[in-house]
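Q: Pasting the sequence and the predicted coordinates here, then a few questions.
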Amino acid sequence: MWLPAFAVPARLARDDWSRHLVARLGASILAALVLGTVPQMLPALARWTDAGCLLRELTGLPCPGCGITTSLLALARGDVMAAAAANPAGVGVAALLVGQALLAGLILSAGTPASAGFSWFRRLDRIAVGGLLLAWVGRLAWAVS
């Protein structure tokens, strides 16, 4: 997610870490805009591309990410129950996107060295991966029983 210096306003492009923070902030904002403004586009795009899950096609079992898009779309509509039903990790992914955006914004606006926040980003990344795997194991246990 590194951005070239010319893609970031000079005030924010203090160093490579700052550009990385701007990239994370931009990705979070873009995800929120897409999910909030054009949610009907994503299912249509999936049908048009015939996108499916290779693991589910081969084994009949969902992958860790199966249902994340549906979950995020349900959250964008304000339906937390449908979001959790599609993939419980989707609620966590949304919370981590918000947390990532807030953390990047705080670090960039405070003018502190951008590298100072990266231990927090590493924690958020690990929580995201752990949450996806935990939700996946739970979904597999539910599917087998």
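A: In hand now; what should we look at? Numbers count the residues shown, from 1 in each chain.
Q: shaky segments in this protein?
A: Within the chain, the ranges that satisfy pLDDT under 70 run 1-16, 38-52, 111-117, 145.
Q: for this protein, longest helix please?
A: Ordering each helix of the chain by length in residues (DSSP state H) puts helix 118-144 first.
Q: Buried residues of it, list them for me.
A: 118, 121, 124, 128, 131-132, 135-136, 139 (16 or more other Cβ atoms under 10 Å). Just so you know, the C-beta spots here come from the backbone N, C-alpha and C atoms, and that holds for glycine as well.
Q: how far does that helix sit from the chain's center?
A: Centroid separation between helix 118-144 and its chain, computed with Cα atoms, centre = their mean, to the nearest Å, is 12 Å.
Q: helices and strands around that helix, which ones?
A: Using 3 or more Cβ pairs under 8 Å, 6 or more residues apart in numbering; DSSP states H and E, the elements in contact with helix 118-144 are helix 89-110.
Q: wait, Gly90 sits on Gly65?
A: No - proximity of Gly90 to Gly65 does not meet the contact threshold set by Cβ atoms under 8 Å, at 9.4 Å.
Q: Which one's more surrounded, these two?
A: More crowded of Gly90 and Gly65, by other Cβ atoms under 10 Å: Gly90, with 27 against 17.
Q: got the contact list for the more buried one?
A: Taking Cβ atoms under 8 Å, 6 or more residues apart in numbering, we find Gly90 in contact with 67-68, 70-72, 74-75, 83-84.
Q: From these, keep the buried residues only.
A: The neighbour-count test (16+ other Cβ under 10 Å) marks 67-68, 70-72, 74-75, 83-84 as buried among these.
Q: residues in contact with stretch 123-140?
A: Residues contacting stretch 123-140 (Cβ under 8 Å, 6+ apart): 61-66, 87-89, 92-93, 96, 99-100, 103.
Q: An error on my part: the question was meant for stretch 55-69.
A: For stretch 55-69, the external contacting residues (Cβ under 8 Å, 6+ apart) are 42, 46, 53-54, 86-87, 89-90, 93, 132-133, 135-136, 139-140, 143.
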